[in-house]
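**Student:** the following comprises the amino acid sequence and a computationally predicted model.
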Protein chains: 2
Amino acid sequence: MTSWVRYVSARHGRGFGQLGENSQIHVYDGDLFDSPKPTDTRVQLADVTLLSPCQPSKIVALWNNFHALAEKTGKPVPSHALFLIKPSTCLNGTRSAIKRPASYRGKIAFEGELGIVIGKACRGVSREAAAGHIFGYTCINDVTAFGLLNEDPNFAQWTRAKGFDTFGVVGPCIVPEFDWHSACVVTTLNGVERQNYPLADMVLEPEVLVSQLSQDMTLLPGDVIACGTSLGAGSMPDGAKVEVTIAGIGSLANTMNG
Amino acid sequence: MTSWVRYVSARHGRGFGQLGENSQIHVYDGDLFDSPKPTDTRVQLADVTLLSPCQPSKIVALWNNFHALAEKTGKPVPSHALFLIKPSTCLNGTRSAIKRPASYRGKIAFEGELGIVIGKACRGVSREAAAGHIFGYTCINDVTAFGLLNEDPNFAQWTRAKGFDTFGVVGPCIVPEFDWHSACVVTTLNGVERQNYPLADMVLEPEVLVSQLSQDMTLLPGDVIACGTSLGAGSMPDGAKVEVTIAGIGSLANTMNG
């Protein structure tokens, strides 16, 4: 299994590469999305801090994309992707703090999700062509300041509630060959399982999402699509440890920093 | 009056500079937002194509920010900015076509607006400090695929309706010393005036917007805040010419390309 990570350390600077045996990173040169070149350099995973594995120009976050959640909330499932944009400035990686905004004292929720990482710029691609534009898959914690969503009765504040700095948690790696059909998203809060839902319950599947969203806007290499969450998303009290795990990708672990 | 433009031409390549006398551009080097350096080069405005004057990482678009429109629609005015994000990929400049999405046959609307261009990265700035983070002002046409907004009764599709490629029209220039208090936004459709509203009717003024939005996310140099529209926004039929003019800034002129 190929697994791409991005890292920084005082000794090695910033870089990216593939996770190899013995917890080593095989360092690559160039652009992850444009024929990256392997080098002879090896870096110990323990010696670096992992960053989000890509730097999206935008995170497109889906709403109402799992049958089980739609049934629970009584909403009909959509035929076209319903989404908002989380700005590039909210990007966060694994083992990094999720920060409570100074201006907000209310509930902050975790939402464990599958993330699609775009590999090639695409605009108006067919469902059949979409697979060729997907670089791989990652884990997402689509953090949400829940109390803001419906603060104004006339305008649902999706972007504000989900766009705060550190609220776009992506990682720990990107796996190109990941097969989502048989995988589950498992989210734990302080070690207790809170979400465990099958990706097979997804309404609009990754290739459909890429095709539909590429009709709505150009998707760029490194852009991330957060596929939406399902049952069990909930509050992260200050100090809580939250971990989103997808077997076959990895674990995205963060602490809520109040 | 200093007026910054960005341009491209086969002969001169891409560049930026200040509009000077005799329709010349005084070319600058470096970064517009970080001590750009004047050069001796002069380029004739007539010899280049103007681009959007900056390249925002995001366009933050306001909803319900003028008293007259709020009164007409019967919505209370907000005390905190209500917004969505238009992605960087929707950016468009003056004299460039607004393109109807292949997937959409419905009404496409113009919304003439004042744009704020951020000059320095800011996070959590006070209202008093906000002015120092504003680089200048520009004109905006916040193009909207109106028929998509309420297509799904459970989720207002602001981002989708406003995020299509070419729907973020910004320009023709940025004016740092612009005083918005006494200015109006005038929008014409095929030469007929359709909007003419005073910026003094704004609910949340530029410095308040920058302060509030910087509590919600980090604003980066070149990011644009579209201050919201007022009365008269309406449909742009295919082939229509639309022009957003703010005296003291300039005219942003585009054609709707069906």
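**Tutor:** Here it is on my side, so go on. Numbering: from 1, shown residues only, chains lettered A, B, ... in the order given.

**Student:** domains of chain A?
**Tutor:** Chain A breaks down by automatic domain parsing into domains covering A:4-50, A:52-257.

**Student:** what pLDDT does the closest residue to A:Leu219 other than its chain neighbours get?
**Tutor:** Take A:Leu219 and drop its neighbours on the chain: the residue closest to it by Cβ to Cβ, 6 or more residues apart in numbering or on different chains is A:Ile118, 4.7 Å away. Yep, even glycine has a C-beta here, placed from its N, CA and C like the rest. According to the per-residue confidence, A:Ile118 scores 98 in pLDDT.

**Student:** residues in contact with A:Ile118?
**Tutor:** Residues in contact with A:Ile118 (Cβ atoms under 8 Å, 6 or more residues apart in numbering or on different chains) are A:His133, A:Ile134, A:Phe135, A:Val210, A:Leu219, A:Leu220, A:Pro221, A:Gly222, A:Asp223, A:Val224, A:Ile225.

**Student:** now, the residues you listed that are in strands?
**Tutor:** Per DSSP state E, strands hold the following members of those: A:Ile134, A:Phe135, A:Val224, A:Ile225.

**Student:** the closest residue to the last one other than its chain neighbours in helix, strand or coil?
**Tutor:** The spatially closest residue to A:Ile225, leaving aside those adjacent along the chain, is A:Ile116, at 4.2 Å (Cβ to Cβ, 6+ apart). Using DSSP: H, G, I helix; E, B strand; the rest coil, the three-state assignment for A:Ile116 comes out as strand.

**Student:** for the nearest residue to A:Asp47 once chain neighbours are set aside, give me the pLDDT.
**Tutor:** Using Cβ to Cβ, 6+ apart and skipping the chain neighbours, the partner closest in space to A:Asp47 is A:Ser9 (5.7 Å). We have a pLDDT of 94 for A:Ser9.

**Student:** what's around A:Ser9, how many residues?
**Tutor:** Applying other Cβ atoms under 10 Å in any protein chain shown, we find 13 residues neighbouring A:Ser9.

**Student:** show me where the stretch 151-258 of chain A dips below the pLDDT cut-off.
**Tutor:** By pLDDT under 70, the weakly predicted segments of the stretch 151-258 of chain A are A:258.

**Student:** 50 instead, please
**Tutor:** For the stretch 151-258 of chain A, applying pLDDT under 50 flags no range at all.

**Student:** can you give me the strands for it?
**Tutor:** Secondary structure of the stretch 151-258 of chain A (DSSP state E, counting those that start in this stretch): strands located at A:168-175, A:184-189, A:192-198, A:224-226, A:234-235, A:241-246, A:250-257.

**Student:** for those, give me TSV that also has mean neighbour count and distance to B:Gly147.
**Tutor:** Shown next, in TSV, are the strands of the stretch 151-258 of chain A (neighbours: other Cβ atoms under 10 Å in any protein chain shown; distance: least, Cβ to Cβ, whole Å):
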stretch	mean neighbour count	distance to B:Gly147
strand A:168-175	27	30
strand A:184-189	21	34
strand A:192-198	16	33
strand A:224-226	28	24
strand A:234-235	14	36
strand A:241-246	22	36
strand A:250-257	20	38
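
**Student:** SS state for the most centrally placed residue in chain A?
**Tutor:** Closest residue to the average C-alpha location of chain A: A:Ile140 at 2.7 Å, with Cα atoms, centre = their mean. Three states are possible here, and by three-state DSSP the one that applies to A:Ile140 is strand.

**Student:** send me stretch A:242-251 as CSV with only the CA atoms.
**Tutor:** What follows is the C-alpha trace of stretch A:242-251 in CSV, where atoms were taken according to Å, rounded to 0.1, in the frame of the first residue of the first chain:
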residue,chain,number,x,y,z
VAL,A,242,-10.6,12.8,18.9
GLU,A,243,-9.5,10.2,16.4
VAL,A,244,-10.9,9.5,13.0
THR,A,245,-9.7,6.1,11.7
ILE,A,246,-10.3,4.5,8.3
ALA,A,247,-8.7,1.0,8.1
GLY,A,248,-6.6,1.0,5.0
ILE,A,249,-5.7,4.7,5.3
GLY,A,250,-4.8,5.5,8.9
SER,A,251,-5.7,7.5,12.0
